[in-house]
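# here is my input; please provide its structure:
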Amino acid sequence: MTQLRFVKTPEQLIEAAENNLEFFDADMHAIKAWYKTEPGLIEQLIPAPLEPHADPMVRIVISRVFVDLNGGMDFGAATFGVNCMYKGKEGIYEITMPMETEGVVVGGRETYGEPKKIADVTASKDGDNCVATVTRHGITYIELQGKTTDSLETSSFTDDVYCFKVFPSCEQHKAVDQNPLLVKINMHRTQSVHTKLDGEIILRESPVDPVVDLPVKEMVSLVWEEGTSSSNASVMEEVDALSYIPFMHSRYDSA
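Have a look, this model is predicted:
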């Protein structure tokens, strides 16, 4: 009898769990930027139970990721988020996470609730010149560029990254079928290269990716990083649906 590939055997399920891309260590290189925007904007973007940081800033990371899986994978990954607080501890609330390939997008959204969207993502270094871009619907709406200057101290660290695992409703007049879950992702990084860049952050108008609503008023830092990355996550708490619904549409291409 033919084995239907829509149904996995117990052995195949074990193998799939061991090869889940979301839990694999990776090598990466990236441009990371921090900047300050107009006062009062970031505070409006942070859903409860997260709270605004005393020194609100936007963080952009645009990277190429290399995973030793299925003969090797190479894809672009970007995050656009803001610093926040949760129960007195600093973290990052991710607003949008453009990524290359369907598998990377779907896996992160369903596993962690990450607000991922398919995009073309580049991050490269040519001599002293570093450039990273995010492009969707023909619009390069995020661009980081700069020349290397000073070498900085490398370190190992963990970022607490927060996302909301959402369950959109199958019924027309309901937003969700159940309350969202607040998920904390522990993003572990070990730097092998950490270099200051002299450059700029460029945000462009996009009707479905409105990053320009957080204009750059002061660049705090711009660096080139190389190193390794790994992650694990846990559910922190259930969130009242009515408090999250006003933020939910940004996960999708709804202008």
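
# what about residue 162, how many residues nearby?
Neighbours of residue 162 under the rule other CB atoms under 10 Å: 21. Quick note: C-beta positions are derived from backbone N, CA and C, even for glycine.

# not counting its neighbours along the chain, what's nearest residue 43?
residue 52 (4.5 Å; CB to CB, 6 or more residues apart in numbering).

# ignore what I typed, I meant residue 228.
residue 190 (4.8 Å).

# for that neighbour, give its distance to residue 78.
Using CB to CB, to the nearest Å, we find residue 190 at a distance of 20 Å from residue 78.

# so between the two, which is more surrounded?
Between residue 190 and residue 78, residue 78 has the larger neighbour count (other CB under 10 Å), namely 26 against 13.

# which pLDDT value goes with the more buried one?
What the model reports as pLDDT for residue 78 is 97.

# my read: it touches residue 65, true?
No - using CB atoms under 8 Å, residue 78 is not in contact with residue 65, being 10.3 Å away.

# leaving out the residues flanking it, which one is nearest to residue 184?
For residue 184, ignoring the flanking residues on the chain, the nearest one in space by CB to CB, 6+ apart is residue 236 at 5.2 Å.

# please identify which helix or strand holds the one you found.
strand 218-238 (DSSP states H and E).

# for the record, mean pLDDT for that strand?
96.

# which elements pack onto that strand?
On a contact count with 3 or more CB pairs under 8 Å, 6 or more residues apart in numbering; DSSP states H and E, strand 218-238 meets strand 26-36, strand 139-151, strand 181-203.

# by contact count, what packs against the first one?
The criterion is 3+ CB pairs under 8 Å, 6+ apart, and the helices and strands that strand 26-36 contacts are strand 58-67, strand 120-126, strand 129-136, strand 139-151, strand 181-203, strand 218-238.

# the same query, at a cut-off of 10 Å, please.
In terms of contacts (3 or more CB pairs under 10 Å, 6 or more residues apart in numbering; DSSP states H and E), strand 26-36 is packed against strand 58-67, strand 73-86, strand 120-126, strand 129-136, strand 139-151, strand 181-203, strand 218-238.

# could I get the buried residue list for the next helix or strand after it?
Counting by DSSP H and E, the next helix or strand C-terminal to strand 26-36 is helix 41-45. For helix 41-45, the neighbour count (16 or more other CB atoms under 10 Å) marks 42, 45 as buried.

# now do stretch 109-124
By neighbour count, and taking 16+ other CB under 10 Å as the criterion, the buried residues in stretch 109-124 are 109, 111, 112, 113, 114, 115, 116, 117, 119, 121, 122, 123.

# and the biggest helix by length in the chain, how far from the chain's centre?
In the chain, taking DSSP state H as the definition, the longest helix is helix 102-112. Centroid displacement of helix 102-112 relative to its chain, using CA atoms, centre = their mean, to the nearest Å, is 11 Å.

# ditto for stretch 159-175
For stretch 159-175 - counting by CA atoms, centre = their mean - the centre lies 16 Å from the chain centre.

# and if you look at stretch 227-246?
A distance of 12 Å separates the centroid of the chain from that of stretch 227-246, by CA atoms, centre = their mean.
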